[in-house]
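K.L.:
what's the 3D shape of this:
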Amino acid sequence: MASYLSTLSPIAPVRRIRFIIFLKDVFILACTTFGGPQIHLAMMLDRFVVKRRYLTEAELLELNALCQILPGPTSTQTITALGFKIGGPNLAYLTLIVWSLPGVVVMTSVAIGIYYVQQRSISLDFTRFIQPMAVGFLIVAGYRIAKKVILNQRGMVLAIVSALASYAFPSPYITPVVLVAGGFATAFLYEKHEKMEKAPIQIRWANFFLWIGVLVGAATLGAITKSLPLRLFENFYRNGSLVFGGGQVLTPMLYNEFVEFKHYLSRQEFLSGLAIVQVTPGPVFSFASYIGVLSMRNGGLSGQLLGGFAATAGIFLPGTFLIFFVYRFWNQLKRYRAVRASLEGINAASTGLTASAAISLFQPMAENGLSVLLVVATILLLEYSKIPPYLLIIAGLFLGFLV
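P.N.:
Model (predicted):
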């Protein structure tokens, strides 16, 4: 027995060192990745597959495909699932915190800074140039996603119908209806997908019930107590549970709910934050921290930090619970053609939501020639130049200070 224990004793320190190295890699990516899920995936391939060999390229791409099917932030779920694969739930939660922390800190600080500026009666006019630029960023993101996911006339029709429905009914409740309808519209066309040999699905329900329990509990407590932090947590938890397609789809959901519906933020504040989050490292979902802070602007610094924390926890937790739940039986689930077929409709509907948000945000600018010019210039620079997006935003802010 003694010799057996002596053989095992070095394993724990070696695992801890491996976990620390992995978390250091995650932190490096969190501080250096800009540009959304596509760029994130490329950098993950370079660091996790090529340099560290934590897993193969095929395994990472499969993890990313799974996370695209699930609601929530794709990059965050992918890197969290990788932490789960390497070290189980504890390492996965640490991975989530390390990955999201830099972006959350930046966006929280930006929101507090904007409130500070407004309290001193300083106009936000210095952000006026980056606001139309944010619309340009959104249009380009939607266009790039559309090129990948709209593959036929059916997808185009679904995208147009989704855009019209979302534009005509600017309510936070229309988004899940549109996404579910899109998924059902193509799920019945599963016969075009390749058959795969099925295996019995063994489901462990704990994380699913945790996901549902937190959603119902937060909604109930928020309704009873009328507590704004609880209601913020529920609002973002609900949005995080329903958003398919990443940050470009999250944007219209947040705009509809917190600007059009609840008026927690002005359109100017929302667009300023949207522009800045484009050049913030890490997940685009850190935009939630910005909105949470400004939603509780009247609560003092402690209230603002609480609002930012409630929004951040709400937006990131549902995707984490769901990836923990689904990852355990993904190998069996992906063999069903209807599951794979529904993704086409969900992606097309998501593209329509992005188009609707772009139209809603652009419409008030349409009569301002300079704003239209900035939107067009941003689109052209993003598509046809190699200028990093953060330089465009910095230039826009600098120009706003000068003019």
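K.L.:
what about the stretch 151-300 of the chain, any weak spots by pLDDT?
P.N.:
For the stretch 151-300 of the chain, the stretches flagged by pLDDT under 70 are 170-173, 175, 190-191, 193-200, 244-249.
K.L.:
show me where it has strands.
P.N.:
For the stretch 151-300 of the chain, applying DSSP state E, counting those that start in this stretch gives no strands.
K.L.:
do a quick rundown of the helices in it.
P.N.:
Assigned helices in the stretch 151-300 of the chain, in chain order: 153-168, 174-187, 206-225, 228-242, 247-254, 267-277, 287-295, 300-327 (criterion: DSSP state H, counting those that start in this stretch).
K.L.:
so can I have CSV of the ones you listed showing distance to Ser360 and mean neighbour count?
P.N.:
From N, CA and C alone the C-beta is placed, and that goes for glycine too. Below are the helices of the stretch 151-300 of the chain laid out as CSV (distance: least, Cβ to Cβ, whole Å; neighbours: other Cβ atoms under 10 Å):
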stretch, distance to Ser360, mean neighbour count
helix 153-168, 7, 18
helix 174-187, 13, 21
helix 206-225, 27, 15
helix 228-242, 17, 24
helix 247-254, 7, 26
helix 267-277, 9, 23
helix 287-295, 16, 29
helix 300-327, 21, 22
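K.L.:
which one of those lies closest to Val26?
P.N.:
Val26 sits nearest to helix 300-327 of all these, at 14.3 Å, using Cβ to Cβ.
K.L.:
nearest residue to Leu151 other than its sequence neighbours?
P.N.:
In space, and not counting its chain neighbours, Leu151 is closest to Glu344: 7.4 Å by Cβ to Cβ, 6 or more residues apart in numbering.
K.L.:
for that neighbour, helix, strand, or coil?
P.N.:
At Glu344, secondary structure determined by DSSP: H, G, I helix; E, B strand; the rest coil is helix.
K.L.:
and it, what does it touch?
P.N.:
With contacts defined as Cβ atoms under 8 Å, 6 or more residues apart in numbering, the neighbours of Glu344 are Val149, Leu151, Arg154, Gly155, Thr186, Leu189.
K.L.:
so what pLDDT did it get?
P.N.:
Note on Glu344: pLDDT of 78.
K.L.:
Met43 is nearest to which of the helices of the stretch 151-300 of the chain?
P.N.:
helix 247-254 (16.1 Å).
K.L.:
before we move on, back to that, could the helices of the stretch 151-300 of the chain go into TSV alongside distance to Val376?
P.N.:
Shown next, in TSV, are the helices of the stretch 151-300 of the chain (distance: least, Cβ to Cβ, whole Å):
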stretch	distance to Val376
helix 153-168	20
helix 174-187	28
helix 206-225	41
helix 228-242	30
helix 247-254	19
helix 267-277	16
helix 287-295	24
helix 300-327	31
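K.L.:
of all those, which lies closest to Leu96?
P.N.:
Closest of the helices of the stretch 151-300 of the chain to Leu96 is helix 300-327, at 5.8 Å (criterion: Cβ to Cβ).
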